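Novice: Quick one: sequence plus predicted model below, questions after.
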Amino acid sequence: MNETENTFLFSWNPIKFSWPELGEQIELLKHGGKVEESWTCASHKKVKPGDRAFVSFVGMDPRGIFASGSISSEPFIGKNRKGNPCYRVLIDFDVLLNPATESILTLDILNMGPMNKQVWTPQSSGISIKPEFVEELELLWEDFLGTRE
């Protein structure tokens, strides 16, 4: 990872926001297609294209990380689910799992050891992941994905 990149944690709560095309997008990604989605971003003053993004499943079990990718746009003003203006960014996904049907990297694993000092189920989407946890998270994610295949 480039030294100037930051890593951010976004969240998806299916109770508050449906994602009807998730299954199609997972298949598209598996077959080499591109999946890019707009996401609200609380850290809009820090985020930039090329930064790393992880997405946490919140609101119901299993809670944990189910997607990763990179930021592919500058922050822009869009609308949140209530139609109010908010900052958003585009995430270009490299991994997308379906928490309803597939294993995800759950909170019990994410909260092991010192990584329990990071909020993994943020109230606001698009928060910074503490730099001291980024390398461990990347290794955990890589290991987790490797055991699924």
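Specialist: Structure received.

Novice: Break down this protein into its helices, ranges please.
Specialist: Using DSSP state H, the helices found in the chain span residues 22-30, 107-110, 131-148.

Novice: Quick check, central residue of the chain?
Specialist: The residue lying closest to the centre of the chain (C-alpha atoms, centre = their mean) is Val55, at 1.6 Å.

Novice: who's in contact with it?
Specialist: Residues counted as contacts of Val55 (C-beta atoms under 8 Å, 6 or more residues apart in numbering) are 9-12, 39, 65-69, 91. Heads up, the C-betas are built off the backbone N, CA and C, glycines and all.

Novice: now, which of those lie within strands?
Specialist: 9-12, 39, 65-69, 91 (DSSP state E).

Novice: still on that earlier bit, among the helices of the chain, which comes closest to Trp120?
Specialist: With C-beta to C-beta as the measure, helix 107-110 is the member of those nearest Trp120 (4.8 Å).

Novice: Name the residues that touch the closest one?
Specialist: So helix 107-110 is contacted by 63-65, 116, 118, 120-121, 137, 140, 144 (C-beta under 8 Å, 6+ apart).
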